[in-house]
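1. Okay, sequence plus prediction incoming.
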Amino acid sequence: MIDLKLLRDDPDRVRASQRARGEDPDLVDAALAADERRRSAVTRYDTLRAEQKTIGKQVAAAAKGPDDEKHALLARAKDLAAEVKDAEAEQAAADDALRETQLALSNVIEDGVPEGGEDDFVVIATSGEPREFDFTPRDHVELGELLGAIDTARAAKVSGARFYYLTGVGALLELALINLAMQQAVSAGFIPMLPPALVRPPAMEGTGFLGQAAENVFRLEADDFYLVGTAEVPLAAYHMDEILDGAKLPLRYAGFSPCFRREAGSYGKDTKGIIRVHQFDKVEMFSFTTPDEAAAEHQRLLAWEREFLDALEVPYRVIDVASGDLGSSAARKYDCEAWIPTQGKYREVTSTSNCTQFQSRRLNIRMRDADGVRPLATLNGTLCAMPRTIVAILENHQQEDGSVVVPKALRPFLGRDLLTPSTR
RNA sequence: GGUGGAGUCGCCUAGUGGCCGAUGGCGCACGCCUCGAAAGCGUGUGAGGGUGCAAGCUCUCCGUGGGUUCAAAUCCCACCUCCACCGCCA
């Protein structure tokens, strides 16, 4: 949710941000008008209500006095009650209208975000070199089959398209990745969390997933639950309606959870394999910090993501996502993209967003320090999304015979150095 | 799923229609006392909005949402959450 003060003091900055995102700058003026309307409604209600309270006290005092005086007061009080009710309704309507326009506005982008759409990202780092194969590399679907690690055919029978079974070493590979990721997170000071994957509407709404992203959210209508698309939702909402002690920030959580995505509108994209699926597991980092520290924390989250990819010995690059391709709550976003040999391109495996105070305002999460009580900053970053990471490992570390060399960092967790084709 | 009980300002708690934005304690902050501390004493201590340069003035919030009333923490209804017991499942 946008800061009202910023909206009033510097509407041009918000308009410019909207334009850079390819969103409607006129929403700014709609919000300003709604703010104006609300303020006059509040003043009217406050005045009437103060009068009502005064008269109420007079009625109580006159209770023992003469009848005609009492009746006159009561008559006046009745009229006033009707007016108050009317003013209250108008204020409530004005409140709702303002909130609606406020919610329609996306976060103000950070200075330096590349302008443009999906293809206008800026590559800010690359690590490792795409490997030269002296044989024709197999894609992860074929490798998964050879190794007895991935079964998409039976998953289609049981659950339909975009589902998969991890079997045998595939299952073990995920468990090893979870443990490696959690170990890294914990030694960096994160609090490990296993959050709920079903949440009630306020948590989903507060994290901003019921806006443009709503069509990608699974909903359990009979019970009014949403299935989370990322642990970001339950981790952000963990401190909903709380005031955190400024001295205890930053608070960092590493949440492992299943993630559910409808993938509406992606028909035809990545239909093969496990790059784009309806359900997967992920270890997500989440930070609550002061507004001043947000940008620096963003860099730290990116560094932790890179540390993890480095440990997996996978070539990747880091992109600074362009303004038109940011989620509505992100002021800035960096994606790490791993090299996928059989596609000949880099594909997103992790993503970290600085949501500044945008998300905390919606979720009503604040901090208290010497400067008083105010919204804090929230940031999130993927540490390890299992299927895409598994794809990157299998494809990059494969050998001619279909075996896959296990990255050194993962060996203690997997208990083996090499995955070999099985005759299952 | 059934029955009963409960949700008040960081924590505990008083409060059954106007004198209540709300009692008291703990905690916390500051001060006094002390060589220093503890104890003791004193003062202060929720959040949000409107208005104002400011001091201030004012409105809202007693789980949430409705209702009754001139007036609701207090009465009524629905919902949410928690606790206990029973049933069921793991």
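-> Looks like it came in fine. Numbers count the residues shown, from 1 in each chain, chains lettered A, B, ... in the order given.
2. Skip the chain neighbours and tell me the closest residue to residue A:229.
-> Excluding the flanking residues, the one nearest residue A:229 by C-beta to C-beta, 6 or more residues apart in numbering is residue A:261, at 4.9 Å. (C-beta placed from N, C-alpha, C; glycine too.)
3. ok, now how distant is the one you found from RNA strand B?
-> Separation of residue A:261 from RNA strand B (C-beta to the nearest atom of the strand, to the nearest Å) stands at 25 Å.
4. Can you tell me how far that residue is from residue A:284?
-> To residue A:284, residue A:261 is 14 Å away according to C-beta to C-beta, to the nearest Å.
5. before we move on, which element is residue A:123 in?
-> Using DSSP states H and E, the element containing residue A:123 is strand A:122-127.
6. coming back round to it: which one of residue A:261 and residue A:284 has more residues nearby?
-> The residue with more neighbours, out of residue A:261 and residue A:284, is residue A:284; 28 against 20, by other C-beta atoms under 10 Å.
7. now the helix or strand that one falls within: mean pLDDT?
-> Using DSSP H and E, the element containing residue A:284 is strand A:279-289. In this model, strand A:279-289 has a mean pLDDT of 95.
8. So which bits of chain A are right by RNA strand B?
-> Contacts of chain A with RNA strand B, taken as C-beta under 7 Å from any atom of the strand, map to A:4, A:39, A:42-43, A:45-46, A:49-50, A:52-53, A:55-57, A:59-60, A:63, A:74, A:77-78, A:80-81, A:84, A:92, A:243, A:366, A:368, A:373-374.
9. sorry, back to before: and the next helix-or-strand element following the strand holding residue A:284, what does it pack against?
-> Downstream of strand A:279-289, the first helix or strand assigned by DSSP H and E is helix A:294-311. Helices and strands touching helix A:294-311, by 3 or more C-beta pairs under 8 Å, 6 or more residues apart in numbering; DSSP states H and E, are strand A:122-127, helix A:169-187, strand A:279-289, strand A:316-320, strand A:332-340, strand A:345-354, strand A:377-385.
10. run the last query once more with 7 Å
-> Secondary-structure packing of helix A:294-311 (3 or more C-beta pairs under 7 Å, 6 or more residues apart in numbering; DSSP states H and E): helix A:169-187, strand A:279-289, strand A:332-340, strand A:345-354, strand A:377-385.
11. Could you pull up the mean pLDDT of the last one?
-> Within the predicted structure, the mean pLDDT of strand A:377-385 is 95.
12. What strands line up against the strand holding residue A:123, and which way round?
-> strand A:316-320 (antiparallel) (DSSP bridges).
13. How far does the partner strand sit from its chain's centre?
-> Relative to the mean C-alpha coordinate of its chain, strand A:316-320 is positioned 19 Å out (C-alpha atoms, centre = their mean, to the nearest Å).
14. Also compute the angle for it relative to helix A:294-311, please.
-> For strand A:316-320 against helix A:294-311, the angle by axes from the mean of the first three to the mean of the last three C-alpha atoms, to 10 degrees is 160 degrees.
15. can you give me the angle strand A:316-320 makes with strand A:345-354?
-> Calculated by the same axes, to 10 degrees, strand A:316-320 forms an angle of 50 degrees with strand A:345-354.
16. And for the closest residue to residue A:311 other than its chain neighbours, the neighbour number?
-> Sequence neighbours aside, residue A:409 is the residue nearest to residue A:311 in space, at 3.9 Å (criterion: C-beta to C-beta, 6+ apart). Counted with other C-beta under 10 Å, the neighbours of residue A:409 add up to 16.
17. Please apply the same query to residue A:306.
-> Every residue meeting other C-beta under 10 Å relative to residue A:306 is counted, giving 17.
18. Contacts only, for residue A:330.
-> Contact analysis of residue A:330 by C-beta atoms under 7 Å, 6 or more residues apart in numbering lists A:107, A:353, A:354, A:355.
19. Nearest to residue A:135, out of those residues: which one, please.
-> Nearest to residue A:135 among those is residue A:353, at 39.1 Å by C-beta to C-beta.
20. where does residue A:17 land in three-state SS?
-> Recorded secondary structure, residue A:17: helix (DSSP: H, G, I helix; E, B strand; the rest coil).
21. What residue, apart from its backbone neighbours, is nearest it spatially?
-> Nearest to residue A:17 is residue A:108, by C-beta to C-beta, 6+ apart, at 4.4 Å.
22. mean confidence for stretch A:49-69?
-> The pLDDT scores in stretch A:49-69 average 73.
23. just stretch A:11-27 next, same as before
-> Averaging pLDDT along stretch A:11-27 gives 93.
24. Could you list the domains of chain A?
-> Domain assignment of chain A by automatic domain parsing yields the ranges A:4-104, A:122-419.
25. And the helices in chain A, which stretches?
-> In chain A, the helices defined using DSSP state H lie at A:4-9, A:11-21, A:26-62, A:67-104, A:140-146, A:152-158, A:169-187, A:201-206, A:232-237, A:294-311, A:358-363, A:386-396, A:411-414.
26. Which stretch among the ones you listed is buried most, on average?
-> Mean neighbours per residue, mean count of other C-beta atoms under 10 Å, is largest over these for helix A:232-237, with a mean of 26.
27. roughly how far is that one from the heart of the chain?
-> In terms of C-alpha atoms, centre = their mean, the centre of helix A:232-237 is found 8 Å from the chain centre.
28. List the contacts of it.
-> By C-beta under 7 Å, 6+ apart, helix A:232-237 touches A:193, A:195-196, A:199, A:203-204, A:206-207, A:209, A:228, A:253, A:255, A:284, A:286, A:359, A:363, A:378, A:380.
29. Distance of the residue of the stretch 301-424 of chain A found nearest RNA strand B relative to residue A:358?
-> Distances between the stretch 301-424 of chain A and RNA strand B by C-beta to the nearest atom of the strand are smallest at residue A:373, namely 3.9 Å. Taking C-beta to C-beta as the measure, residue A:373 falls 18 Å from residue A:358.
30. same thing with residue A:118?
-> Using C-beta to C-beta, residue A:118 is found at 21 Å from residue A:358.
31. before we move on, the earlier item: of the domains of chain A, which is nearest residue A:114?
-> It's domain A:122-419; of the domains of chain A, that one is closest to residue A:114 (C-beta to C-beta) at 4.4 Å.
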